[in-house]
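Chemist: any chance you could fold what I've pasted below:
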Amino acid sequence: MLRSLHIRDFVIVDQAEIPFETGFTVFSGETGAGKSILIDALSLALGARGDASVLRDGAARADISAVFEPPASLHAWLHEHEFDADDALILRRVIDTQGRSRAFVNGLPVTLGQLRELGEQLVDIHGQHAHQSLLKTASQRELLDTQGGHLALSRQVQQAWQHWQQAEKTLAAALANAATLQAEREQIEWQLAELERLGLQAGEWETLSSDHHRLAHAQALLDGATQALAALDDEQGAALQALNAAAHAVQQQLRHDTQLQGIYDAIESARISAAEAVSDLNSYLDKLELEPDRLAQAEQRLSAIFDAARKFKTEPEALPALQESLHEQLNASQAAADTEALAKRVDEAAAQYQDLAGQLSKARRKTSKKLSEQVTGAMQTLAMKGGRFDVGLSACPPSASGNETVEFLVAGHAGTTPKPLAKVASGGELARISLALSVIASQAARVPTLIFDEVDTGVGGAVAEVVGQLLRELGERHQVLCVTHLPQVAARGAHHYEVRKSTSSASTLSQIEPLSPEGRVNEVARMLGGLKITDTTRKHAREMLASTG
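Modeler: So this is what the prediction gives:
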């Protein structure tokens, strides 16, 4: 559940710290006081999009933190992302004047995607314009799939449809471009034949270049090694002879002064190194030969590789990778031209789609029957007695949405035939049906906190009392927060906050404060009677609050 919300420099809120309790909590206030700012701020903390426009005038950044008690259903997600499931969850969002956004969970930076994924498991928000989206068939279909718990299956159907369509496009392209594909294959086959004749292996160019360089400078290498050997050992006074003499001279004096030990060790090390160098040079000279035939072969091979590189407009060392790439292109071209295999893939993709779509159709039929009965029952208490709600499923050609269209039908009175919701429902009826759907969907919701942002728009009187009762009952199973303008709903709240706006010459600020029992009386009286509160409206407010106890 949501424990608290801290808001700083957001829209017209300077600073607010709002604690929350279990059960049903209402937020009320005059029009324009900023009641929905609370919902907007919480939405940002849950990962909604935001920009610099949300900053309070003159502020450097907006900072919003929401503290939650994590439900047991969230423990697996928290462990997976290395958060402690026993700690309070602090979701924080910061947006600066440049529109840059940062997100944190328990002080650790996270992506907005992770913040949204977490938020979806903590809070479900029903917006004040939710009833308008009910007029769209896509929204009706999504609501049905969400309520039935087969939204994941719906996505699988969409993916299977896309796979099927892509397979059909590939087959059509192969049939339409057969001649072009054949020409492409012939071109690739010719190029591969050229490279295969060359037979350049990976790493061969580097080895060949090194060998050619050595063979081309063989005489210089021979002369240089001979001179070095002579300087070390062959000539009178050569370095090795000098080191031998020096080592012997110092060694003779060690018995007189041990401080010469370090000097002797250095000379001995140099003598040993010189002796090893003499040995290595002798070995090198024994192996080194002038090989004009090998040099000619290397130059011929290099010339062939250079010619191929120029022909294919690439670097010599890149020819093996080009050959491998051409093999892949040839395989892809041959596969693209295999219309029999492509047709088989189309059939397999179509069968996979139909299997999943069939499962979805069966699930939708089951859910539509149950949802129709539940909403019809709710309509009887929402001033639509005798009315009926049906979820219509009509077969249609296969599509990304499945094999049927989903359409909400309603009959406002007994004896009338249900017709499309978008055509027959009045604004008030639409709002009431939307509320019924929201409550019914929320009863099955697993998220601990439910928020209703003026979803009671368009209702009043006795119906408003029923709405309040519905939300109060829902608050016995979930933490329910509701922004409302109806006194009948506000009176049902177990907790009540007032949103108040104050204006000065310098700024306009919004404040959110819990109401005392007497404060609740005055606020419900204001909601009943407008700006002028009388003893009569106060009495009526007390009666409403007492009756909802």
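
Chemist: which elements pack onto the lengthiest helix in the chain?
Modeler: Across the chain, the longest stretch assigned as helix under DSSP state H is helix 339-379. Where contact means 3 or more C-beta pairs under 8 Å, 6 or more residues apart in numbering; DSSP states H and E, helix 339-379 is packed against helix 137-148, helix 151-176, strand 388-399, strand 402-411, helix 427-443. C-betas here are computed from N, CA, C, even on glycine.

Chemist: how far away is Lys385 from Cys482?
Modeler: As judged by C-beta to C-beta, to the nearest Å, Lys385 and Cys482 stand 25 Å apart.

Chemist: settle it for me: which of these two has more neighbours?
Modeler: Just comparing Lys385 and Cys482: by other C-beta atoms under 10 Å the higher neighbour count belongs to Cys482, 28 against 10.

Chemist: helix, strand, or coil at the more buried one?
Modeler: What DSSP: H, G, I helix; E, B strand; the rest coil gives for Cys482 is strand.

Chemist: roughly how far apart are Gly119 and Gly113?
Modeler: 11 Å.

Chemist: all the strands of the stretch 151-300 of the chain, in order from the start?
Modeler: For the stretch 151-300 of the chain, no strands are identified by DSSP state E, counting those that start in this stretch.

Chemist: for the residue nearest the centre of the chain, what is the enclosing helix or strand?
Modeler: For the chain, the residue sitting closest to the mean C-alpha position, by C-alpha atoms, centre = their mean, is Gly113 at 4.2 Å. Taking DSSP states H and E as the definition, Gly113 sits inside helix 112-119.

Chemist: okay, that helix in CSV with CA atoms only?
Modeler: Below are the C-alpha coordinates for helix 112-119, written out as CSV (Å, rounded to 0.1, in the frame of the first residue of the first chain):
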residue,chain,number,x,y,z
LEU,A,112,11.8,4.8,-16.4
GLY,A,113,10.9,1.4,-17.8
GLN,A,114,11.8,-0.3,-14.5
LEU,A,115,10.0,2.4,-12.6
ARG,A,116,6.8,1.9,-14.7
GLU,A,117,7.1,-1.9,-14.4
LEU,A,118,7.3,-1.6,-10.6
GLY,A,119,4.5,1.0,-10.5
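
Chemist: distance from that helix to the middle of the chain?
Modeler: 8 Å (C-alpha atoms, centre = their mean, to the nearest Å).

Chemist: what about the closest residue in space to Ser101 that isn't next to it in sequence, which SS state?
Modeler: Nearest non-adjacent residue to Ser101, counting by C-beta to C-beta, 6 or more residues apart in numbering: Ile95, 5.0 Å away. Following three-state DSSP, Ile95 is assigned to strand.

Chemist: shouldn't Ile95 be in contact with Ala48?
Modeler: No - using C-beta atoms under 8 Å, Ile95 makes no contact with Ala48, being 11.0 Å away.

Chemist: neighbour-wise, which of those two wins?
Modeler: Ile95 (23 against 17).

Chemist: pLDDT at that one, what is it?
Modeler: Note for Ile95: predicted pLDDT of 94.

Chemist: so who does Ala318 touch?
Modeler: When contacts are counted by C-beta atoms under 8 Å, 6 or more residues apart in numbering, Ala318 touches Ala309.

Chemist: quick check, pLDDT for it.
Modeler: So, for Ala318, pLDDT stands at 83.

Chemist: state the distance from it to Leu143.
Modeler: Distance from Ala318 to Leu143, counting by C-beta to C-beta: 56 Å.

Chemist: returning to what we had before: dump the helices and strands packed on helix 339-379 into TSV; add mean pLDDT and mean neighbour count as well.
Modeler: Compiled in TSV, these are given as follows (pLDDT from 0 to 100; neighbours: other C-beta atoms under 10 Å):
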stretch	mean pLDDT	mean neighbour count
helix 137-148	88	19
helix 151-176	91	16
strand 388-399	94	16
strand 402-411	93	20
helix 427-443	74	21
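
Chemist: quick one: mean pLDDT for the longest helix of the chain?
Modeler: Rounded mean pLDDT across helix 339-379 is 92.

Chemist: same question for stretch 216-233.
Modeler: 79.

Chemist: residue contacts, Gly107?
Modeler: 90, 92.

Chemist: likewise the one 4 residues further on?
Modeler: By C-beta under 8 Å, 6+ apart, Thr111 lies in contact with Ala103.

Chemist: ok, 10 Å please
Modeler: Taking C-beta atoms under 10 Å, 6 or more residues apart in numbering as the criterion, Thr111 is in contact with 47, 103, 117.

Chemist: give me the distance between it and Glu120.
Modeler: According to C-beta to C-beta, Thr111 stands 14 Å off from Glu120.

Chemist: now do Gln297
Modeler: 70 Å.

Chemist: neighbour count winner among those two?
Modeler: With neighbours defined as other C-beta under 10 Å, Gln297 and Glu120 compare such that Gln297 has more, 15 against 12.

Chemist: ok, Gln162 - contacts?
Modeler: 349, 353, 400.

Chemist: check Ala52 too.
Modeler: 61-62, 95-101.

Chemist: swap in 7 Å and give it another go.
Modeler: 95, 97-99 (C-beta atoms under 7 Å, 6 or more residues apart in numbering).

Chemist: so which residues of the stretch 1-150 of the chain form helices?
Modeler: Using DSSP state H, counting those that start in this stretch, the helices of the stretch 1-150 of the chain run over 35-45, 75-80, 112-119, 130-133, 137-148.

Chemist: the second one: how far from the chain's middle?
Modeler: What it means is helix 75-80. Distance, centroid of helix 75-80 to centroid of chain: 17 Å (C-alpha atoms, centre = their mean).

Chemist: now do stretch 201-217
Modeler: 50 Å.

Chemist: quick check: buried residues in it?
Modeler: Across stretch 201-217, burial judged by 16 or more other C-beta atoms under 10 Å covers 204-205, 208, 211-212, 215.

Chemist: phi and psi next, for the residue lying farthest from the centre of the chain.
Modeler: When distances are taken from the C-alpha mean of the chain, His256 lies farthest, 81.1 Å away, according to C-alpha atoms, centre = their mean. The phi/psi pair for His256 (degrees, to the nearest 10) reads phi -90, psi -30.

Chemist: report pLDDT for it.
Modeler: pLDDT recorded at His256 is 85.

Chemist: so how far is Asp9 from it?
Modeler: From His256 to Asp9 the distance is 87 Å (C-beta to C-beta).

Chemist: so where's this structure uncertain?
Modeler: 127-133, 177-181, 235-237, 334-337, 425-428, 442-446, 455-458, 505-507, 530-531, 549 (pLDDT under 70).
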